[in-house]
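1. below is the structure, and that's it, no one-letter string:
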Ligand SMILES: [Zn+2]
């Protein structure tokens, strides 16, 4: 039986693995006003567990928008799609950046539904991406999650 809350050791592992970036919007904790959360990708209420492959680092904006959702509507088709799962999905399959890396573009139903549901292109995030781009700190170096 897994614990409801991730252990301190597990929380540290998740923070290190994410390299200080929200795993959804790619904001960097070093430039955020609030400490990021260890988020259950599949929520506890939906039988998700506090295990390494079900945890992600998320900024407060993404975490509160996601809440307990695992599905959302693809704005292009209206069809319900699974939200991006940072441990199971390949980021590059579902998302890309626009030319100046200030906007995330959804390439699949999952990508588009996640951008919409988690508001990954909210104004403050776009402004932060723009500012960090000017000093060469955005986009953060990404790695494949698969
Ligand atoms: Zn975020």
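-> Alright, I've got the coordinates. Quantities reported herein were computed from a predicted structural model and do not represent experimental measurements. Residues are numbered from 1 along each chain as shown.

2. number of nearby residues for residue 52?
-> Other residues within reach of residue 52 by the criterion other CB atoms under 10 Å amount to 12. In short, each C-beta sits where N, CA and C put it, glycine included.

3. that one: what's it in contact with?
-> 10, 13-14 (CB atoms under 8 Å, 6 or more residues apart in numbering).

4. swap in residue 36?
-> Contacts of residue 36 by CB under 8 Å, 6+ apart are 15, 18, 20, 22, 29, 57-60, 63.

5. I figured residue 42 hits residue 70, correct?
-> Yes - between residue 42 and residue 70 there is a contact at 6.1 Å, judged by CB atoms under 8 Å.

6. out of those two, which sits in the more crowded spot?
-> Remark: of residue 42 and residue 70, residue 42 carries more neighbours, 18 against 14, as counted by other CB under 10 Å.

7. name the residues of this structure found near the ion, please.
-> Residues of the chain lying close to the ion by CB under 5 Å from the ion are 22, 24-25, 27, 59, 62.

8. run the last query once more with 6 Å
-> Within the chain, the positions near the ion by CB under 6 Å from the ion are 22, 24-25, 27, 58-59, 61-62.

9. no further questions, thank you.
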